[in-house]
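Colleague: Mind looking at a prediction? Sequence and model below.
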Amino acid sequence: MVEKSEVILGENEHLRINMGPQHPSTHGVLRFELDLRGEIVDQVIPHCGYIHRGIEKMSEANTYQQIIHLTDRMDYLSAHQNNEAMSLLVEKALGIEVPERVKVIRTILSELSRLQSHELWWAAFGMDLGALTTFFYGLRDRERILDIFEESFGSRLLHSYICPGGLMNDVHPNFKSRIKEFIPYFRKKLPEYDQLLTGNIIFMERSKNIGLLTREEAIAFGITGPSGRGSGFSCDVRKHEPYSAYDRVDFKEILYTEGDTYARYRVRIDEMWESLRILEQLVDQIPDGDYTVKMKPIIKLPEGEYYQRVETARGELGVYVVSTGDKYPERIHFRTPNFSNLFVIDKLARGHKIADLVAISGSLDLVIPDIDR
Amino acid sequence: MKFSIYDFSSFTQSIHELLTGVMSPTWVFITELAIVGLIFLLFYAVLGLFLVYLERRVCAFIQNRLGPNRVGPQGIFQTIADLIKLLFKELFVVKNADKFLFNLAPFVVIIASLMAIGALPYAKGLQALDFNIGLFYIIAVTSLGVVGILLAGWSSNSKYSLLGAMRSGAQIISYELSVGLSLLAIIIFAGSMQLSVIVESQANGWWIFKGHIPAFIAFVIFLIAATAETNRGPFDLAEAESELTAGFHTEYTGIRFAFFFLAEYMNMFLAAALATTVFLGGWMPLHFGNFETFNRIMDFVPPIVWFFGKTFVVIYIIMLFKWTFPRLRIDQLLTLEWKYLLPINLVNIVLIAFLVLMGWHF
């Protein structure tokens, strides 16, 4: 009889590996502690906090106008939407109705932001999967949008342009014509994205059935944005709780039910088409008028609790403010989309290979400063 | 001294006669060895630098960029500047690394590729080593390179390096089979492993044309497998930048890193040169049946130009792979080899053996 207690060398040995904080595919200073069995990921422990700046605490010692500048630094790719969330909250608390012009311009900026964010995501996602050329294609088109931003507000990344009561200053006279140039340009370029990556057999093999997330799990984990919609979780704040000019534009909420990496990819690609549609509808309808309402130099919110949410490129951003009637908020909390989206990674990546972990974390589209705040 | 660009054998013969006239046979042998060695070292370094430059330009072309164009005309000195930078960098050894193996690994990798390029026929009469088992020799020495990669991964005392090396080991050993078997197809056709004989056998047409569809299948499989064996994208799992930072050479700096880098490019050249020699007629010019004028014009182009022209076309194709495709996963990579390429290859070989047996090839 052969003894059954054969010990296979290294069978139960795990390799513990630190992925990050300096690693090319964590897109910032995020650290994953991986438990590996050969190539297979047994556990992922995300460690955040490497770029914690205490934005929430800092906000307690800053006026509402100043907080706008801090919100830029959370999700730097959705700077406009972050500004908008804070501004909408202040306007809601004070009961200010902003001019139509402001609403339309805010919506346009929000969609341009989403486009440039998704372009950068596409560029980096291809790179995560080893297709190095996508990076240059994505950034080539993103430059166009950043040029529009630069012309109007002098900055390309951290704009601080939307402020309580309206906009910091009026848009550049070229604003409208530049967007009108951009839309047909990008309509031509977007099919290239599909040609280069979407239909590729290696890409499909790498992304289909990888990192499956069901609708129930997405809701339980609080996954919002394109990542949640890839699992069929209808969570688009633009549809459910329209703000600015979203109530008057016609657009679809993109929903895929597969819940894998490929579905999350397709959601973002389709969202780019939808963003273009929104831009097309709005660009000719920018009404004349004031770019801001007159605000007092010191904004004091009435006593109470306020909550405002917007849809950023990565999901739902919520701002929660407790005010005691002072010019500073008593307590402020940002419900950032990436923080919730990050912690599902252990669930998604278990049992897959390291290469899949990279693809999954890429498909969640994490921006690290938004996690750490 | 007779010198002809079309046939180097008379030139090399006259050098040999010149040397035998002035020294003893032992010294002639040593001198010739030194000359050939020096030429190959220079050739290796220059070609390596050129390939790095070429890759930059090709990649820039695909990615809508300009590529290097500042250092020298068209940026040709960029790689030389890089080389100087690498030469002056500190040779850093990681703490707790196995120092001997760590230092040895880059040399193993580079020597393996250096040994192989000596056996290639570059033009008529321009071949340093013409073994009767030439093809076998090249496959044997190139597969030594994986030892260097495994050593590098193991001795670096880094988990990323180790993972990269293990991947590389699994990958190269698997794809070695496909490379060998697809070359075997042509060995059956040509009836010899001697590279010069294989080239001569293609005087009336390249094997890719003469060998019907099976030869073409063998060529495609060789191209895929050779790309995988040189660790280039989409099979660059061993250094998968987005997963393992740099894989097996994560901990290497300076000229040691440059050795790995150079060896990778030379392996690519080797794969392309082998594809050229075996499938695309080596230095044989392109001939089309009875078009006499056309054939005469083709004959006018020197063989060495033919060889390098074909090789660089293949290199360009391999580069296109890298810059367009995403990377495969390790299990997909092994599935591709063991479940698709290998069975197709085996069936292909049976087919070719049958073709040759019946004498149905040209």
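Modeller: Yep, that arrived.
Colleague: Quickly note the distance from the residue in chain B positioned nearest to chain A to B:V109.
Modeller: Closest approach between chain B and chain A, counting by CB to the nearest CB: B:R327, at 2.6 Å. Just so you know, the C-beta spots here come from the backbone N, C-alpha and C atoms, and that holds for glycine as well. B:R327 sits 21 Å away from B:V109, going by CB to CB, to the nearest Å.
Colleague: same check, this time on B:R296
Modeller: From B:R296 to B:V109 the distance is 44 Å (CB to CB).
Colleague: more crowded one of these two?
Modeller: Shown here are B:R296 and B:V109; by other CB atoms under 10 Å in any protein chain shown, B:V109 has more neighbours (27 against 11).
Colleague: residues contacting the nearest residue to the more buried one once chain neighbours are set aside?
Modeller: Spatial nearest neighbour of B:V109, excluding adjacent residues (CB to CB, 6 or more residues apart in numbering or on different chains): B:G148 at 3.5 Å. Listed by CB atoms under 8 Å, 6 or more residues apart in numbering or on different chains, the contact set of B:G148 reads B:104-110, B:112, B:263.
Colleague: neighbours around A:I345, how many?
Modeller: Neighbours of A:I345 using other CB under 10 Å come to 22.
Colleague: can you pull the contacts of it?
Modeller: So A:I345 contacts A:32, A:44, A:46, A:357, A:360-361, A:364 (CB under 8 Å, 6+ apart).
Colleague: out of those residues, which are inside strands?
Modeller: A:32, A:44, A:46 (DSSP state E).
Colleague: most neighbours, which of the residues you listed?
Modeller: Result: A:F32 is most packed of the ones in strands among the contacts of A:I345 (other CB under 10 Å), 25 neighbours.
Colleague: before we move on, back to that, among the contacts of B:G148, which ones are buried?
Modeller: Restricting the contacts of B:G148 to buried positions leaves B:104-106, B:108-110, B:112, B:263, with burial counted as 16 or more other CB atoms under 10 Å in any protein chain shown.
Colleague: circling back to that earlier point, and the residue nearest to B:V109, what element?
Modeller: Per DSSP states H and E, B:G148 falls inside helix B:145-155.
Colleague: Can you name the element that comes right after that helix?
Modeller: Next along from helix B:145-155, by DSSP H and E: helix B:159-190.
Colleague: Report the angle between that next one and helix B:145-155.
Modeller: 170 degrees (axes from the mean of the first three to the mean of the last three CA atoms, to 10 degrees).
Colleague: between the ones in strands among the contacts of A:I345, which is closest to B:A246?
Modeller: A:F32 (18.0 Å; CB to CB).
Colleague: A:Q308: what secondary structure?
Modeller: strand (DSSP: H, G, I helix; E, B strand; the rest coil).
Colleague: dump the residue contacts of the residue lying closest to B:Q127 once chain neighbours are set aside.
Modeller: Distances taken as CB to CB, 6+ apart place B:P121 nearest to B:Q127, at 4.2 Å, with adjacent residues excluded. Neighbouring residues of B:P121 by CB under 8 Å, 6+ apart: B:127, B:130, B:195-196, B:199, B:277, B:282-283, B:307.
Colleague: Write out the residues of the stretch 1-150 of chain B neighbouring chain A.
Modeller: Taking CB under 8 Å from any CB of the partner chain as the contact definition, the stretch 1-150 of chain B meets chain A at B:59, B:62-65.
Colleague: Just the buried ones from these, in ChimeraX syntax?
Modeller: Burial among the residues of the stretch 1-150 of chain B next to chain A is assessed by 16+ other CB under 10 Å; the matching ChimeraX selection reads:
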select /B:59,62,63
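Colleague: tally of neighbours for A:R229?
Modeller: Neighbours of A:R229 (other CB under 10 Å): 28.
Colleague: cool, B:W360 as well?
Modeller: Neighbours around B:W360, by other CB under 10 Å: 9.
Colleague: Spatially nearest residue to it, not counting backbone neighbours?
Modeller: Nearest non-adjacent residue to B:W360 (CB to CB, 6+ apart): B:H212, at 7.7 Å.
Colleague: Does the one you found touch B:F354 like I think?
Modeller: No: contact between B:H212 and B:F354 fails when scored by CB atoms under 8 Å: they sit 11.1 Å apart.
Colleague: Which of these two has more residues huddled nearby?
Modeller: More crowded of B:H212 and B:F354, by other CB under 10 Å: B:H212, with 15 against 11.
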